[in-house]
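A.B. asks: Mind looking at a prediction? Sequence and model below.
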Amino acid sequence: MLRTHNCGELRKEHVGTEVTLCGWVENKRDHGGAVFIDLRDRYGLTQVVIGPPEADQAQIDAAGHVPAESVILVRGKVADRLEGKTNDKLATGAIEVRCPELKVLNACQTPPFTPGQSDLPGEDLRLKYRFLDLRRPEMQRALVLRSTIIKEMRDYFAEHDFIDVETPILGRSTPEGARDYLVPSRVHPGNFYALPQSPQLYKQILMVAGFDRYVQVAKCFRDEDLRADRQPEFTQLDLEMSFVDADDIMGLIDGLVAQTAKNVLGKDVQLPLPRMTYDEAMRRFGHDAPDLRFGMEIVDVTSVAKKTEFRVFRATADAGNFVRGIRAEGAAEKYSRRQIDELTEFVKDFGAKGLAWFRVEEDGSLWSPVAKNFDAEHLAEIKSLMAGEPGDLLMFLADSWEVTCKGLYALRKRLGAELKLYDSEQLHCSWVTEFPMFERDEESGRWVAMHHPFTAPLESDLDKLDSDPAGCRAQAYDLVINGSEAGGGTIRIHDQQTQSKVFGLLGIDEKTAEDRFGFLLNALRFGAPPHGGIALGVDRWVMLLAGLENIREVIAFPKTQKASDLMTEAPGAVDQDQLTELHLRSLAKKAE
Ligand code: ASP
């Protein structure tokens, strides 16, 4: 080792010890007669002084010329800081290291930004110079947290008898519903591997092979348009178990959530985690990953709307659509007319035609620009259904089920944040269960699997596969943390007939099924045990547990929204020879 200690280690009891430290020059103060350097490594900062009597003027002058962010080695003696000069904010703040000697191991060019600067540079610059950005204590903390969480997960599953099995990265396309990343084969002209969207089929086959409890920290790849909390390659804690039902899987993950929250954040989580069905989640919160840190539940007032003279409500209810609303407690004063107009524009982004709103006045009556269209009796009914109290703001959408769900979900989310209805330190975990098996693809009008095509229907809904696919519910469960989907899984179909029937419903004919998933169908014919599993989004877990909102803050080398790596400049052009070897010709115009 070049060093005797790290930069976060020295305390008062080390005073008088000869030490050697290595690190980066975070900060340098040249006081003419002496140079003070804050030396940084991943463990902390130590103040180093090059001054008399240990150092002579030439050594002091040389130290004054060391550029910021250079890597240096210093050898000297630990000393007390002068009275009044101690720094309580720093773990090493009681001491300094006085050095005659400073060796520059590598001088740094003028950096585009320094890890210690208080204003954060733009994200593009941070990603281009990720090696500088990763020196920042915030990034180091996030990656240490990530490493701790993954270790917790691995330990937990090892304690529960899981076997870690690696599955291929070069494989067949897997049907998670996204676009595949393809890798051309050199030795099989015209053929491609697909990078796994998840290890789904391999883990099912491991169950057929008798492994019983499989786990893997797996890289997954999906070529989708990216949102703030999505990445084209991401990490899942993926697992599968045999001879279990949905309760067993949720119970196992409950234990993981509680253990991780306790060991990583020192927080207690009450078990079992609350569960609600998909239907209930849509009814009460308009979304399948509701944020349960606060109330403001959706209330259906269609029954009153039917009776009113207010045309918008009445026509909506008559057409079989819905009038649903939320109550923002005590918010009437906080939202001016102009701000309510803004909320109206906001819900229009989700397909709503407008926002009807009422203020509950001091005397308990409802005031609204449209109140004159309502009988007093109907207003009172609305107020009572909404449990309105003076000072509340009641807001309603009159539309299809989907639009009321989408619009009110977004409005509730926005108001929850604006009205600070939850403590951002809080961690709320819950389950949403019994998702529909199928949803209609908007473009093609065809049924698609809501989770994936290997999901088993609820036993009680088996006959709906024939009679009522829309009403057929799945043995599916999603883990929700603070209003974000943090994992999802299902019990699988383990017999070949049901699997073929589901493929049929999804418009995958026998030939295509054999072509694409023949190996799975084959495995199902050779003694497949009942099995199920789940995958947890590791990046999202770390982001949520760190209290962050940008997934790139918890990934060492993330991609931008446009799926580029700004540091390595991937994706990049390749030589014509490489393309030829792969039997490919590019149709793209060369980017200048
Ligand atoms: N393979 C699924 C996914 O990636 C998870 C699962 O069903 O276990 O969403």
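C.D. replies: Yep, it's here.

A.B. asks: Give me the neighbour count for Leu201.
C.D. replies: By other Cβ atoms under 10 Å, 22 other residues sit near Leu201. From N, CA and C alone the C-beta is placed, and that goes for glycine too.

A.B. asks: Name the helix or strand for it, please.
C.D. replies: Assigned by DSSP states H and E, Leu201 belongs to helix 200-208.

A.B. asks: distance between that helix and the chain's centre?
C.D. replies: 26 Å (Cα atoms, centre = their mean, to the nearest Å).

A.B. asks: Over to stretch 494-504?
C.D. replies: Relative to the mean C-alpha coordinate of its chain, stretch 494-504 is positioned 33 Å out (Cα atoms, centre = their mean).

A.B. asks: got it, and stretch 194-211?
C.D. replies: With Cα atoms, centre = their mean, you get 24 Å for stretch 194-211.

A.B. asks: Stretch 446-464 now?
C.D. replies: 26 Å.

A.B. asks: Quick one: end-to-end length of that stretch, please.
C.D. replies: 17 Å (Cα to Cα, to the nearest Å).

A.B. asks: How about residues contacting it?
C.D. replies: 175-177, 200-201, 204, 434-441, 465, 469, 471-476, 488-494, 498-499, 502-503, 505-508, 520, 532 (Cβ atoms under 8 Å, 6 or more residues apart in numbering).

A.B. asks: Now narrow those to whatever sits close to the ligand.
C.D. replies: Taking Cβ under 6 Å from any ligand atom as the test, the ligand is in contact with Glu176, Gln200, Gly488, Gly489, Thr490 out of these.

A.B. asks: which other helices and strands contact the strand or helix carrying the fourth one?
C.D. replies: Read it as Gly489. Gly489 is located in strand 484-491, with elements delineated by DSSP H and E. Counting contacts by 3 or more Cβ pairs under 8 Å, 6 or more residues apart in numbering; DSSP states H and E, strand 484-491 packs against helix 246-260, strand 476-481, strand 531-537, helix 538-545.

A.B. asks: With mean pLDDT and mean neighbour count as new columns, can the ones you listed be given to me in JSON lines?
C.D. replies: As requested, those are exported to JSON lines (pLDDT from 0 to 100; neighbours: other Cβ atoms under 10 Å):
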{"stretch": "helix 246-260", "mean pLDDT": "98", "mean neighbour count": "18"}
{"stretch": "strand 476-481", "mean pLDDT": "98", "mean neighbour count": "25"}
{"stretch": "strand 531-537", "mean pLDDT": "98", "mean neighbour count": "24"}
{"stretch": "helix 538-545", "mean pLDDT": "96", "mean neighbour count": "23"}
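
A.B. asks: how many other residues sit next to the nearest residue to Gln204 once chain neighbours are set aside?
C.D. replies: By the measure of Cβ to Cβ, 6 or more residues apart in numbering, the closest residue to Gln204 outside its immediate chain neighbours is Arg492, 5.9 Å from it. By other Cβ under 10 Å, the residues close to Arg492 number 24.

A.B. asks: Would you pull up how far the one helix or strand in the chain whose mean pLDDT sits lowest lies from the middle of the chain?
C.D. replies: Using mean pLDDT, DSSP states H and E, helix 510-524 stands out as the lowest-scoring helix or strand of the chain, at a mean of 90. Taking Cα atoms, centre = their mean, one finds helix 510-524 lying 33 Å from the centre of the chain it belongs to.

A.B. asks: So what are the sheet partners of the strand holding Gly489 and their directions?
C.D. replies: Here strand 484-491 has these sheet partners by DSSP bridges: strand 476-481 (antiparallel), strand 531-537 (antiparallel).

A.B. asks: got the angle between the last one and helix 538-545?
C.D. replies: Think strand 531-537. 60 degrees (axes from the mean of the first three to the mean of the last three Cα atoms, to 10 degrees).

A.B. asks: who in the protein is up against the ligand?
C.D. replies: Glu176, Ser198, Gln200, Gly488, Gly489, Thr490, Gly533, Ile534, Ala535.

A.B. asks: Need those in TSV (columns: distance to Thr404).
C.D. replies: Below are the residues of the chain next to the ligand laid out as TSV (distance: Cβ to Cβ, whole Å):
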residue	distance to Thr404
Glu176	29
Ser198	33
Gln200	34
Gly488	24
Gly489	29
Thr490	28
Gly533	34
Ile534	30
Ala535	31
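
A.B. asks: Show me which of these is closest to Cys220.
C.D. replies: Ser198 (4.9 Å; Cβ to Cβ).

A.B. asks: Leaving out sequence neighbours, find the closest residue to that closest one.
C.D. replies: That would be Cys220: by Cβ to Cβ, 6+ apart, it lies 4.9 Å from Ser198.

A.B. asks: so who does the one you found touch?
C.D. replies: Contacts of Cys220 (Cβ under 8 Å, 6+ apart): Glu176, Pro196, Gln197, Ser198, Pro199, Glu233, Phe234, Thr235, Gln236.

A.B. asks: Helix, strand, or coil at it?
C.D. replies: strand (DSSP: H, G, I helix; E, B strand; the rest coil).

A.B. asks: That one pairs with what?
C.D. replies: Counting by DSSP bridges, the residues bridging with Cys220 are Phe234.

A.B. asks: circling back: among the contacts of stretch 446-464, which ones are buried?
C.D. replies: Using 16 or more other Cβ atoms under 10 Å as the burial test, the contacts of stretch 446-464 include 175-176, 200-201, 204, 434-438, 465, 469, 472-476, 488-494, 498-499, 502-503, 505-506, 508, 520, 532 as buried.

A.B. asks: follow-up on the earlier one: which residues sit against the strand holding Gly489?
C.D. replies: 229, 237, 244-246, 249, 253, 288-289, 429, 451-452, 454-456, 474-480, 530-537, 540-541, 544.

A.B. asks: could you redo the last one with a cut-off of 7 Å?
C.D. replies: With contact meaning Cβ atoms under 7 Å, 6 or more residues apart in numbering, strand 484-491 is reached by 245-246, 249, 253, 289, 451, 455-456, 474-480, 532-537, 540-541, 544.

A.B. asks: these two touch, right, Glu434 and Thr277?
C.D. replies: Yes. Contact criterion Cβ atoms under 7 Å: Glu434 and Thr277 qualify, at 4.4 Å.

A.B. asks: Turn the contacts of Cys220 into CSV, columns for pLDDT.
C.D. replies: Below are the contacts of Cys220 laid out as CSV (pLDDT from 0 to 100):
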residue, pLDDT
Glu176, 75
Pro196, 95
Gln197, 95
Ser198, 95
Pro199, 96
Glu233, 96
Phe234, 97
Thr235, 98
Gln236, 98
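
A.B. asks: since we're on Ala317, how many residues are nearby?
C.D. replies: Neighbours of Ala317 (other Cβ under 10 Å): 20.

A.B. asks: cool, Glu96 as well?
C.D. replies: By the criterion of other Cβ under 10 Å, Glu96 has 25 neighbours.

A.B. asks: Kindly report the same for Pro189.
C.D. replies: 10.

A.B. asks: And the residue nearest to it when sequence neighbours are not counted, how close does it get to Leu182?
C.D. replies: Take Pro189 and drop its neighbours on the chain: the residue closest to it by Cβ to Cβ, 6+ apart is His583, 4.3 Å away. Distance, His583 to Leu182, using Cβ to Cβ, to the nearest Å: 13 Å.

A.B. asks: just Leu343 next, same as before
C.D. replies: 44 Å.

A.B. asks: Looking at the two, which one has more neighbours?
C.D. replies: The neighbour comparison of Leu343 against Leu182 (other Cβ under 10 Å) goes to Leu343, with 19 against 13.

A.B. asks: Could you confirm that one falls within a helix?
C.D. replies: Yes. Membership of Leu343 in a helix is supported by three-state DSSP.

A.B. asks: My guess is it contacts Ala356. True?
C.D. replies: No. Using Cβ under 7 Å as the test, Leu343 is too far from Ala356 to be in contact (11.4 Å).

A.B. asks: and the helix holding Leu201 with strand 484-491, angle?
C.D. replies: Going by the same axes, to 10 degrees, helix 200-208 makes 40 degrees with strand 484-491.
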